[in-house]
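*Asks:* Next come a sequence and a model predicted from it.
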Amino acid sequence: MQRPAELVLAIQRVLELNPEQNDDYFDGVSGNFNPTDVLNQLFPDEASLSQLEVVQAKLAQDERELQGEIDALQEELKRDQDPTRMQLIQEMIFELLGQMSRIREKASESEAVVRNITKDIQVLDLAKKNLILSMTTLKRLQMLVNALTQLEDQAKEKRYAEVAQSLAAVKQISSSFKSYTSVHRIMQVWKRIQQVQGEIRTQLDAEFDALYLQDPSKPFKIAHIADACAVVDVLGPDVRTQLIERYVTLELKEYRRIFRASDEAGHLDNISRRFAWFRRLLTSHETEIGRVFPAEWRVGWWLFAKFVAVTRDDLSTLLSKAGPALTVQVLLETLQQTTEFELSIAKKWITPLEEILKAASPPATHIQSMSSAFEPHLGIFVDAQDRALADMLAPHRNPRARSSLDTAPKAPTATSTPRASMSTTDEPEPAPIVLPSSTELFYFYAQSLEQCAKLSTGQALFDLCGVQKKWLKIYAEDVLSLKFKRPQFQSRKSTDARFDAAELQQACLFINTADYCQTTAAELEEKIKEKVNDKFKGDVTLQSERDLFMSVISAAINIQLRELESACDGAFSTMSRVNWGAMNQVTGHSPFIDDLVQATEQVAEVIKPLVEQKKFLRNFFDKACSLLLIRFTNALVRSRPLREIGAEQLLIDLGVVKSGLLKLPGEALSTTGYTRSLTKITTRLEALLKVIVTPVDPPEGFILNYTLLVGDASFSNFQKILDLKGTPKTEQNSLLDSFLTITSTKTDLESTSFLTSLDMGPPVSSMVGSPGTSRVALPLSTTPAGAESVFGALTSPPPGQKREVFSDIRRFVTFGLRRDAPPPP
C-alpha cells in the first residue's frame, strides 16, 4: 500500500530519522515503510528483547519532544493569524495603491505639458510637409504641361519616335494627378491629355490604313511605321489589338470572297486550295508588311487564328449540309489534310497549336482548331469500321464457310508430329498456332485505333472502343464458340473406341486462339486508355470480353475430355462386362487396362505439343485424372458382385491405372497438386477394394477392418460394401446386426465417410448425351469436393458432428423389413 508522504515525514520526525545517518534503525522509513522490517532490525533475535525497555524509553522521549515541537508551531501559527496584524497589512496595501494612482496622474500632467510645449513645432512640421508636397506637385504639373505641349507639337509633325517617348512621360506623370481631378486646373489638363491621345490614335489609324491600303508600286517608310508601332504600344494593348484585327480582316477579305461555302472552291474536296492560299498569304505577309510590325505583336499568329476561325465555321457548315452524302473517304482525306496543315503551322513557329490560338485570340474569346469541326461527324468513320469488321468476320461466322478452321493442323502420323521440324526443301507449311482470323482481327484493331487516335481522342475514340468490344464478343461467341454450340450426331461403336485426332487438334487451336485473344484484349485496353481523353478512361474496359474467351478455353478443354472419354470407352465397357465374381485366381493386371493406358497416352501425345500455355495443359490433366477415375469407379460398381478375388484383381488394375496417370503429364507438367489429388482419390478406391477383399468370416474381423479402412459407422455405407462384395441377403442380416452391435460401442467413429455419396446405380457414361455432344464442365482440379468427382461429396464430416447409426427412420424401417423377410428357398 502506498503511504502519503506527509505520514512518512511525520514518522521520521517522531523517530528522529536522519537519512544522512546510517547508524539509526529507522533509516529505512520511506514511502514503502514496513514496521515489521524495522522491528526485525531492532530485535533480530530473542536475546535482543532485553533492550525492550530502552527502546520504549527512547520512543517515549521522542514522543514528548515531538509534542513540544507541535505546540510551538501551533503558538507561532496563532501569532501569525492575529487580526490586528492582518488589518495592518491591508492598510499598507491600500496606501501602495494610492501611491500608484498619484504617480499615474502626475504622468498624465507631464504628458500634457510636453504636448503644449511641442504643439507649435508639430504645426510647423505639418506646414513644411504640405509646402514640400505643394511644390513637388506644382513642379510635376509644370513638367506635365510642358511635356503635353511638346507632345502636341511632335504629333503634328508626325515625329513618332519622339511622340512615343513624350507620350510615355505624359502618361507616367499624369498618373500621379489622378487623385487631384477635382481641382479645376488639373481637370483641364487631364481632359487635354485625353484629347491629345485621341488625336494621336486617329492619326495612327490613318497611318496604318494608308499602310494596309497602299499602292504596291509606292514603297513605304519602314522606320516611320516602326516608330508608329512604338506609339501604339504606349497607347495600350486595346489599340494594338484593334489595329491588328483591322489588318487581319483586310487581309482575309479576299479569302472570304473566293472560298464561300456556296461556291465550288469552298467545297470539302477543295480544302487543300484553302491551305495553299493561306500559305501564299503568310509568305507575302512575312516578306512585305510583316517586317514592319514588331516581333512581339505576333501578327502572323493573328492571321492564322482568324483564318482558323473562318475556315472552321465553313467546315462546320459544309459537313452539316453534306449529311448522309458525306463519305468516309472524303471525311478522312479532308481531316487528314486539315490536321497536317495545323501541325505544319505549329512546327513552323515551334509552338503548340493551342498556345498559338490562345495567344492570338481577343479577350474573352476562345478559338477552336479546324480539326475539332470534324469531331461531331466522326461517327461516320466509326460506322465504317463496324461495317469493315462485319465483312471481315462474315466468312468465319458462316457455319458452312469456316475457311479459317481449314487451317487446323492435320492428324499426326506414326512418323511425324504436327510441330516437328524438317530439314528438307519440300517442307510443308507449318500448322498455325492460332486461327489466322484472330491475328487479322487484332491487326485491324491496331490500325483503326492508331488512325482514330490521330483524328480524335474524344468521343469518336470511345465509340470505336465500343465497336471493338462488340466484335470481340461476336468473335468469341459466333466464331470460336460456334463449334461447341453445334451438336454433332455422329455415333461411335463401343468396339471402335477411338478418338477423333482432328477434333483434338482443333480444340487445341481454339485454346491457343482464345488465350491469344484474351491476352491481346488486355493490351488493347491499355492502349485505348493511353490514347483516350481522361474523362473516358474510367469507362474503358474489356473484362467481359476477356471472360468470354476464357469460357471458350473451358469449352475446348471439355471437347478434349470428351475425346479422351471416347478413346477409353471401349476399355471401360469391357471392364463393366467382366464377371469378377467368377474369378478363381489373380494373373496380373487385366488386358483392357493396357488398352486404357495406351488410349490415354495417345490422346495426351496429340494434345501436349499443340497447346502453347502449360497452365491449360495442367488443367486438362487435372480434369482427365478425375474423369478416368470416375469412369473406373462407375464400371467397378456396375460390374458387381466383385467377390474377394475380383476385388484383389481390381486392386492390381487400379495400381496400373494410377501408375499410368502419374506418368501422363510428364516431368515438365506434373505438379505436386496433381500427384496429391490423384493419390487421395486412388487411396479411397484402394480402401474400398481392400474392405471387399477381406473375408466376412469371422464377422468381427471383417467389421473391424471396415471401421479401420472406411472409418464410419454408417449402416447404409456398410450395406453398400456388402452389395459390392456380393454377400447373400441371408448373411447380410447377421452381418448388419453385428455391425450395429460393434459400432454402437465405438463412439469415435463418424456418421459419414467417402462412401456416403457413392452412387450404386451410376450411368453408363459420365458424358451428357452422345459422345459427340458437349459435356458438362468438369472441375478445374481433382479435389474430392469437386461437383463432378465420383467421390466429390465423399468427404469426412466436420469435426464434432454427432454420429448416428440410422440417419433417418426410413432406413431403420427398411432394415427391420429386411430382417423379417424369409430366407430365399
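*Replies:* Sure thing, it's come through.
*Asks:* contacting residues around the helix or strand harbouring Q447?
*Replies:* Using DSSP states H and E, the element containing Q447 is helix 436-455. Contacts of helix 436-455 with the rest of the structure, by CB atoms under 8 Å, 6 or more residues apart in numbering, involve 332, 335, 339, 371, 374, 378, 381-382, 385, 388-389, 392-393, 396, 404, 407, 460-461, 464, 468, 471, 475, 479, 513, 516-517, 520, 524, 527-528, 531. In short, each C-beta sits where N, CA and C put it, glycine included.
*Asks:* Show me which of those residues are buried.
*Replies:* Neighbour counting with 16 or more other CB atoms under 10 Å marks 332, 335, 339, 371, 374, 378, 381-382, 385, 389, 393, 396, 404, 460-461, 464, 468, 471, 475, 479, 513, 516-517, 520, 524, 527-528, 531 as buried within the contacts of helix 436-455.
*Asks:* show me the contacts for H267.
*Replies:* Counted by CB under 8 Å, 6+ apart, H267 has contacts L318.
*Asks:* What backbone torsions are found at it?
*Replies:* Per-residue torsions, H267: phi -70, psi 170 (degrees, to the nearest 10).
*Asks:* Which pLDDT value does the model give it?
*Replies:* If you check H267, the pLDDT there is 80.
*Asks:* same deal with F739?
*Replies:* For F739, pLDDT reads 92.
*Asks:* residues in contact with it?
*Replies:* Taking CB under 8 Å, 6+ apart as the test, what F739 contacts is 703, 706, 715, 718.
*Asks:* Just the element for the last one, please.
*Replies:* In other words, F718. Under the criterion of DSSP H and E, F718 resides in helix 715-725.
*Asks:* What separation do you get for A322 and V328?
*Replies:* Computed with CB to CB, to the nearest Å, the distance linking A322 and V328 is 12 Å.
*Asks:* Just confirm I367 is within a strand.
*Replies:* No: under the criterion used here (DSSP: H, G, I helix; E, B strand; the rest coil), I367 is coil, not part of a strand.
*Asks:* nearest spatial neighbour of it, skipping sequence neighbours?
*Replies:* Using CB to CB, 6 or more residues apart in numbering and skipping the chain neighbours, the partner closest in space to I367 is L357 (4.6 Å).
*Asks:* burial measure for that neighbour, as a count.
*Replies:* Applying other CB atoms under 10 Å, we find 20 residues neighbouring L357.
*Asks:* Okay, buried residues for the helix or strand where it lies please.
*Replies:* Secondary structure from DSSP H and E places L357 in helix 353-359. Under the neighbour-count criterion of 16+ other CB under 10 Å, helix 353-359 has 353, 356-357 buried.
*Asks:* how far is the helix holding Q447 from where the chain is centred?
*Replies:* 25 Å (CA atoms, centre = their mean, to the nearest Å).
*Asks:* Show me what the next helix or strand after that helix packs onto, helices and strands only.
*Replies:* Remark: after helix 436-455, the chain's next helix or strand is helix 459-474, criterion DSSP H and E. Applying 3 or more CB pairs under 8 Å, 6 or more residues apart in numbering; DSSP states H and E, one finds that helix 459-474 contacts helix 379-397, helix 436-455, helix 501-531, helix 534-537, helix 543-577.
*Asks:* right, so of those, which gets closest to K221?
*Replies:* helix 436-455 (47.7 Å; CB to CB).
*Asks:* From the contact counts, what lies against the helix ranked longest in the chain?
*Replies:* What stands out as the longest helix in the chain, according to DSSP state H, is helix 83-156. Here helix 83-156 is seen to pack against helix 160-174, helix 184-212 when contacts are counted using 3+ CB pairs under 8 Å, 6+ apart.
*Asks:* Highest mean neighbour count out of those?
*Replies:* Of all these, helix 160-174 carries the top mean neighbour count, a mean of 19, counting by mean count of other CB atoms under 10 Å.
*Asks:* Identify the residue spatially nearest to R291, adjacent ones excluded.
*Replies:* Among residues not flanking R291 along the chain, I222 sits closest, at 6.7 Å (CB to CB, 6+ apart).
*Asks:* Could you give the number of residues near that neighbour?
*Replies:* I222 is flanked by 11 other residues according to other CB under 10 Å.
*Asks:* oh, and call the first residue 21 from now on, that's how I've got it
*Replies:* In the new count, where the first residue is 21, that last one comes out as I242.
*Asks:* low pLDDT regions in the stretch 271-420 of the chain?
*Replies:* Under the criterion pLDDT under 70, the flagged ranges of the stretch 271-420 of the chain are 419-420.
*Asks:* A helix includes P715, no?
*Replies:* No: counting by three-state DSSP, P715 is not part of a helix but coil.
*Asks:* Surely it and E664 touch.
*Replies:* Yes: P715 is in contact with E664 according to CB atoms under 8 Å; the separation is 6.5 Å.
*Asks:* Those two: which is more packed in?
*Replies:* Taking other CB under 10 Å, P715 and E664 do not tie; E664 has more neighbours (17 against 11).
*Asks:* ok, Q71 to V58 distance?
*Replies:* Counting by CB to CB, the gap from Q71 to V58 is 14 Å.
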